[in-house]
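Undergrad: Build me a model:
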Amino acid sequence: MKLLLKRLAQLGGCLALVLVLVVAALYWYQPKVPLVVLPAPKPVSGAAVFYNQAVAVMPELSEKEKKLLSTTPSEPLDTEAAKQLVAKCNASLQLVTQGTLQPQCEWGLDLFLVEGVPKFHVAEAVKLIKVLVVRARLRLLTGDIVGATDDFLLLFHFSRHLGEQRVLLGKLAQLVSDAIAIDLLALHLQEFDPTSLQRLSKEIAALPPSHTLREAMACEREIFSGIWYNKTANLVRAASKNSLRAQPSPSQSGKDGGDFLTLKPIQEINFRLGLRVKYVVYSIKKFEQKSLEAEKLMDLPYAEARPRFVAFEKELKRDRWINGLFLYLPGMHRRFQEVQVEMMWTILRTALDAQIHNPSSVRGELAKLRDPYDGSPIEMRDVPSGVELKLKSDPDYQPMTLMVGLAGK
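TA: Got it, this is the predicted structure:
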């Protein structure tokens with residue numbers, strides 16, 4: 001018992017020493033806080049006007065209708081219920097169609113109001129995507145290949161515009177939407193006539209470049225750190241009025257900016273007091289450092305980056321007590337989802353090109369592809385309607401399978 005008490009006393013002494021060292025380090029820590037002005041929101045224009053209207057007139061759906069939206073392409077479709085759902089949402093679908101015809105999409109995000117979360121209702125957007133998928137399935141069932149082609153191109157344009165928000169929620173909505181649309185199109189690819197295949201190929205190639213998850217993560221970092229630097233500057237102002245030489249300027253968004261001021265970015269703030277404020281600044285800087293490290297990893301091919309991601313996450317968990325308040329990097333944890341969807345696009349383009357030029361070569365062309373997880377050949381097997389491709393996955397994710405329909409099966 002005495003030995004245990006002695007050990008506890010020694011442990012307590014060590015913890016007290018660590019605490020003293022931490023407080024001393026913070027006391028001597030002389031950070032500089034940049035004064036940040038986040039960009040003022042642009043007016044909502046182009047496709048976003050129509051998408052916002054589409055969401056506004058979207059009717060409430062029953063539980064049965066929501067269940068219908070979750071039906072996978074390989075499951076049978078209740079055609080009567082599907083027709084009623086499409087008719088019910090027709091006004092929203094017409095507005096989406098008008099939106100996809102616009103050459104640009106400006107969402108007008110006000111970064112002062114919410115930290116990186118778009119005004120546009122992302123959940124409603126994905127719901128509209130699923131309604132479009134139901135309509136495409138109905139048209140395929142009735143042999144309306146031209147109408148189905150229209151719907152798939154609507155899906156891809158709408159999805160690409162969702163990613164134009166350049167924030168994490170918008171990019172994740174794009175990934176989900178792309179995966180849903182590609183899954184259905186690949187399964188029915190053999191049903192499209194040569195003219196429709198050529199149109200799909202041409203318009204998919206002409207889609208605007210997609211913003212990456214890395215870009216969305218960088219945007220979130222700038223928003224998050226900018227807002228918190230301004231909040232910290234306000235704390236410094238309250239603690240020491242003469243520590244700031246810059247004058248506050250009105251919020252460029254026209255709003256009051258919440259509990260912090262927007263400051264002219266003309267210099268940095270030096271201050272000597274306030275351990276709490278210093279710890280917040282230290283945490284922001286650690287967040288920026290770790291976020292930049294993660295972004296560099298996201299530039300690498302996934303097979304090369306995967307072991308580094310594992311080591312990086314272990315480091316974050318091991319050093320969480322010195323990484324400050326803002327440890328979580330949500331974009332990094334979605335990288336594999338982006339890799340899977342990128343591979344779905346590669347599979348679709350490969351199958352589409354082969355179907356146009358030599359339908360009998362589709363299987364052979366797909367066999368040349370490599371799994372992005374480790375660079376090995378993609379696992380393939382014949383199924384009654386074509387060929388099934390199965391992509392490897394991290395333990396935290398389900399392996400992804402994609403069915404590609406083949407003519408003559």
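Undergrad: what stretches of the stretch 251-400 of the chain score poorly on pLDDT?
TA: Applying pLDDT under 70 to the predicted model, the residue ranges of the stretch 251-400 of the chain that meet it are 251-275.
Undergrad: Phe156 is in what secondary structure piece?
TA: Per DSSP states H and E, Phe156 falls inside helix 145-162.
Undergrad: could you check the angle helix 145-162 makes with the helix or strand following that helix?
TA: Going down the chain from helix 145-162, the next helix or strand is helix 168-187, by DSSP H and E. Following axes from the mean of the first three to the mean of the last three CA atoms, to 10 degrees, one obtains 160 degrees for the angle between helix 168-187 and helix 145-162.
Undergrad: State the mean pLDDT of helix 168-187.
TA: When pLDDT is averaged along helix 168-187, the result is 92.
Undergrad: Going by contacts, tell me the helices and strands next to that helix.
TA: For helix 168-187, the packing partners by 3 or more CB pairs under 8 Å, 6 or more residues apart in numbering; DSSP states H and E come out as helix 122-141, helix 145-162, helix 213-239, helix 335-357, strand 400-405. Quick note: C-beta positions are derived from backbone N, CA and C, even for glycine.
Undergrad: Could you pull up the residues touching Leu200?
TA: For Leu200, the contacting residues are Thr149, Phe152, Leu153, Leu185, Phe192, Leu352, taking CB atoms under 8 Å, 6 or more residues apart in numbering as the criterion.
Undergrad: just to revisit the earlier point, buried ones in the helix holding Phe156, by neighbour count?
TA: Along helix 145-162, these residues count as buried under the neighbour rule (16 or more other CB atoms under 10 Å): 145, 148-162.
Undergrad: Ok, stretch 379-387 next?
TA: Residues Gly386, Val387 are the ones in stretch 379-387 that count as buried (16+ other CB under 10 Å).
Undergrad: who touches it?
TA: 187, 190, 362-363, 366-367, 371, 388-392, 403-406, 409.
Undergrad: and the residue lying closest to Pro41 once chain neighbours are set aside, how many neighbours?
TA: By the measure of CB to CB, 6 or more residues apart in numbering, the closest residue to Pro41 outside its immediate chain neighbours is Asp110, 4.3 Å from it. Neighbour count for Asp110, taken as other CB atoms under 10 Å: 18.
Undergrad: again, but for Glu388
TA: Going by other CB under 10 Å, the residues that sit close to Glu388 add up to 14.
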